[in-house]
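Enquirer: I'd like to go over a predicted model; first the sequence, then the structure.
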Amino acid sequence: MTERTILHCDCNNYFASVELLEHPELADRPVAVAGDPEGRHGIILAKNQIAKRYGVKTAETVWQARRKCPGLVLLPPHHQKYVDMSRRVNDIYLSVTDQVEPFSVDESYLDVTGSRALFGDGAAIADMLRRRVREELGITISVGVSDNKAWAKMGSDYKKPDATTVITRTTVQDTLYPLDISSMLFVGHAAAEVLRRHGINTIGALAACNPAVLTQCLGKQGESLWQMAGGRDDSPVRLWGDADPVKSVGNGITFPHDLVGREECHAGLMPLCDSVASRLRAQGLKCRTVTIQIKDPNLKVISRQRTLSMPTNLTRQLFQEACAILDASWPARSPIRLMTVTAGNLCREDEAVPAQLSFLCEVQPDDPRQAALERAVDGVRARFGKRSIAPATMEIR
C-alpha cells in the first residue's frame with residue numbers, strides 16, 4: 001500500500017496579514033485585529049509577528065494587549081475579506097490536488113499522494129505552495145508534512161512563519177515527542193493537568209502510554225489523543241466541496257448592554273431562537289436537544305442543555321425551552337453579557353416521529369398549525385428580506 005503524503009497548510013497571522021495588505025505603512029509596527037471595544041467585542045482576534053514579540057495573544061482583551069504593547073495599532077475585522085482570501089488560497093492548493101479539506105478559514109488539509117509524480121515529494125510540494133501563496137497573494141503559510149493528518153497539523157505549528165516541517169516515523173522522536181503535553185493537538189489546560197497528574201508530561205509519553213490508562217483518565221478523548229500522538233490517525237482528506245453532515249445549529253449575541261431580569265433576558269433569547277429555528281427549517285432538520293450558554297460581565301460562562309420530548313424546528317418551541325432552561329439555571333437579577341442558543345442531536349424532518357397533539361399543551365414540537373405559520377414567515381423573509389417580519393417576544397407564564 002502506498003504511503004500517504006498529507007499536508008496541513010496554515011496561514012500565518014491570517015486576519016492581521018490580510019488587513020496589512022491594505023496598510024503597507026504599518027508593516028514595521030505592532031498591529032492587531034480586534035473587535036470594537038465600544039460594541040463590547042474588545043478581544044484580540046489576530047496579531048502580526050511584531051505584536052507577538054511583545055507578548056500580545058489572541059483572545060485576550062484589548063486593554064491587556066495594550067498594557068503589554070502601548071504602541072499597538074488596532075484594525076477592525078473585515079470577515080468577507082478573510083473568506084475571499086481563503087478561497088484564493090485554496091484555489092492554489094486545488095491546482096495541486098482535488099483532496100483539499102478546509103479545517104478553518106485559514107487552514108486546510110491536502111492529500112498530495114497522487115501528486116508526487118508531477119510535483120515531487122511532500123516537502124517539495126509544500127515549498128512550492130509556500131512560494132506561490134507568498135508571491136501571488138502577499139501572505140505566508142506554514143506547512144506540516146507527514147503521512148497522517150494529526151502529525152501534519154502539529155508540523156505546521158512546529159515552526160512559523162513561512163516554514164515547512166516534515167514529520168516522519170524517524171524524525172518524530174526529535175521533533176514532536178520532546179514537546180510539552182500542552183503542545184499536543186486538542187489538549188487544553190484541564191486535560192493537560194489531568195495528564196500531568198498521571199506522569200504524562202510530553203507528547204512522547206502520551207504516545208507510549210497504555211491507551212486503557214488514558215481512557216480511564218479522559219474517556220474517549222484519551223484513546224483519540226493516543227491514536228493521534230502515535231501517528232495512528234488514518235482519517236482521509238475529503239475531496240474539495242464534500243462536507244461533514246451538520247451536527248448542530250447555533251447563534252449567539254454579545255448584547256450592547258447587560259440584560260437584567262426575566263423580561264429582558266427572554267427578549268434576548270427570542271432572536272436567537274428565531275434564527276436557529278429558521279436555519280433548521282431551511283436545511284430540512286429538526287433538533288432533539290436545546291443548549292443555552294450564558295456569560296456574565298465577569299466572563300463567567302455556564303452551559304445548560306435540555307432534551308426535548310419530540311424533535312422540533314419551531315421558533316416558538318425552541319423559545320419556550322430556552323426560557324425554561326434560563327429560568328431554572330440563572331438568577332433573575334444577575335446580569336447577562338452574552339447568550340448562545342444551540343440546537344443539537346439533529347435529524348431529518350422526514351425521520352422525526354410525528355407528535356400527537358395534546359389538549360393540555362398550547363404548542364407541540366411539530367404542531368402543523370405552528371409549522372405552517374412559521375414557514376409562511378420564512379416565505380415572507382425570502383421575498384422581502386430577513387428583517388421584514390419578526391416575532392414579538394412571548395412571556396412564559
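Expert: Looks like it came in fine. Here the structure is a predicted model, which is why all the values come from computation and not from measurement.

Enquirer: make it CA atoms for all contacts and neighbour counts henceforth
Expert: Fine.

Enquirer: break this structure into its domains for me.
Expert: 1-167, 177-244, 248-388 (automatic domain parsing).

Enquirer: tell me which of the ones you listed sits most buried.
Expert: Mean neighbour count (mean count of other CA atoms under 10 Å) peaks for domain 1-167 among these, with a mean of 19.

Enquirer: hang on, the earlier thing: what's the least confident stretch among the domains of the chain?
Expert: Among the domains of the chain, domain 248-388 has the lowest mean pLDDT, at a mean of 83.

Enquirer: what are the ranges of the helices in the stretch 101-250 of the chain?
Expert: 116-119, 122-137, 149-158, 189-197, 203-208, 211-218, 220-229 (DSSP state H, counting those that start in this stretch).

Enquirer: same list (those) but as a markdown table, adding distance to Arg304.
Expert: Below are these laid out as a markdown table (distance: least, CA to CA, whole Å):
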| stretch | distance to Arg304 |
| --- | --- |
| helix 116-119 | 49 |
| helix 122-137 | 43 |
| helix 149-158 | 31 |
| helix 189-197 | 20 |
| helix 203-208 | 32 |
| helix 211-218 | 21 |
| helix 220-229 | 21 |
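
Enquirer: of these, which is nearest Asp84?
Expert: Evaluated over those, closeness to Asp84 peaks at helix 122-137, with 11.5 Å, by CA to CA.

Enquirer: what is that closest one packed up against?
Expert: For helix 122-137, the packing partners by 3 or more CA pairs under 8 Å, 6 or more residues apart in numbering; DSSP states H and E come out as strand 6-11, helix 79-94, helix 116-119, strand 141-146, strand 164-166.

Enquirer: mind checking the end-to-end distance for stretch 16-34?
Expert: In stretch 16-34, first residue to last residue: 10 Å (CA to CA, to the nearest Å).

Enquirer: now find how far off-centre that stretch is within its chain.
Expert: 24 Å (CA atoms, centre = their mean, to the nearest Å).

Enquirer: stretch 132-149 now?
Expert: Counting by CA atoms, centre = their mean, stretch 132-149 comes out at 21 Å from the chain centroid.

Enquirer: so how far does it reach from one end to the other?
Expert: 22 Å.

Enquirer: and the nearest residue to Ala192 once chain neighbours are set aside, how far from Ile302?
Expert: Of all residues not flanking Ala192 in the chain, Ser182 sits nearest, at 5.8 Å (CA to CA, 6 or more residues apart in numbering). Distance of Ser182 to Ile302, computed by CA to CA: 24 Å.

Enquirer: if we can go back for a sec, wait, the residue nearest to Ala192 touches His189, no?
Expert: Yes. Using CA atoms under 8 Å, Ser182 makes contact with His189 at a distance of 7.1 Å.

Enquirer: dump the residue contacts of the nearest residue to Val260 once chain neighbours are set aside.
Expert: Spatial nearest neighbour of Val260, chain neighbours left out: Pro335 (4.7 Å); criterion: CA to CA, 6+ apart. Contact analysis of Pro335 by CA atoms under 8 Å, 6 or more residues apart in numbering lists 258-261, 296-297.

Enquirer: repeat that for Asp84.
Expert: Residues near Asp84 by CA under 8 Å, 6+ apart: none.

Enquirer: quick one: it and Arg337, what's the gap?
Expert: 31 Å.

Enquirer: likewise Arg316?
Expert: 23 Å.

Enquirer: and what of Ser17?
Expert: Relative to Arg337, Ser17 is positioned 30 Å away (CA to CA).

Enquirer: next one: Glu3
Expert: Here the distance between Glu3 and Arg337 works out to 51 Å (CA to CA).

Enquirer: any idea which helix is longest in this structure?
Expert: Counting by DSSP state H, the longest helix found in the chain is helix 262-282.

Enquirer: run through who's touching that one.
Expert: Around helix 262-282, the neighbours that count as contacts under CA under 8 Å, 6+ apart are 249-253, 259, 286-287, 313-316, 318-319, 322-323, 327, 332-333, 336, 339-343, 375, 378, 391, 393-395.

Enquirer: now the element after it, going C-ward?
Expert: Where DSSP states H and E defines the elements, the next helix or strand beyond helix 262-282 is strand 285-295.

Enquirer: re earlier: hmm, which two among the contacts of Pro335 are most spread apart?
Expert: Gly261 and Pro297 (14.7 Å).

Enquirer: who does the most centrally placed residue in the chain bridge with?
Expert: Against the mean C-alpha coordinate of the chain, by CA atoms, centre = their mean, the closest residue is Ser104 at 7.2 Å. When assigned by DSSP bridges, Ser104 has beta-bridge partners Glu107.

Enquirer: distance between stretch 228-242 and the chain's centre?
Expert: 18 Å.
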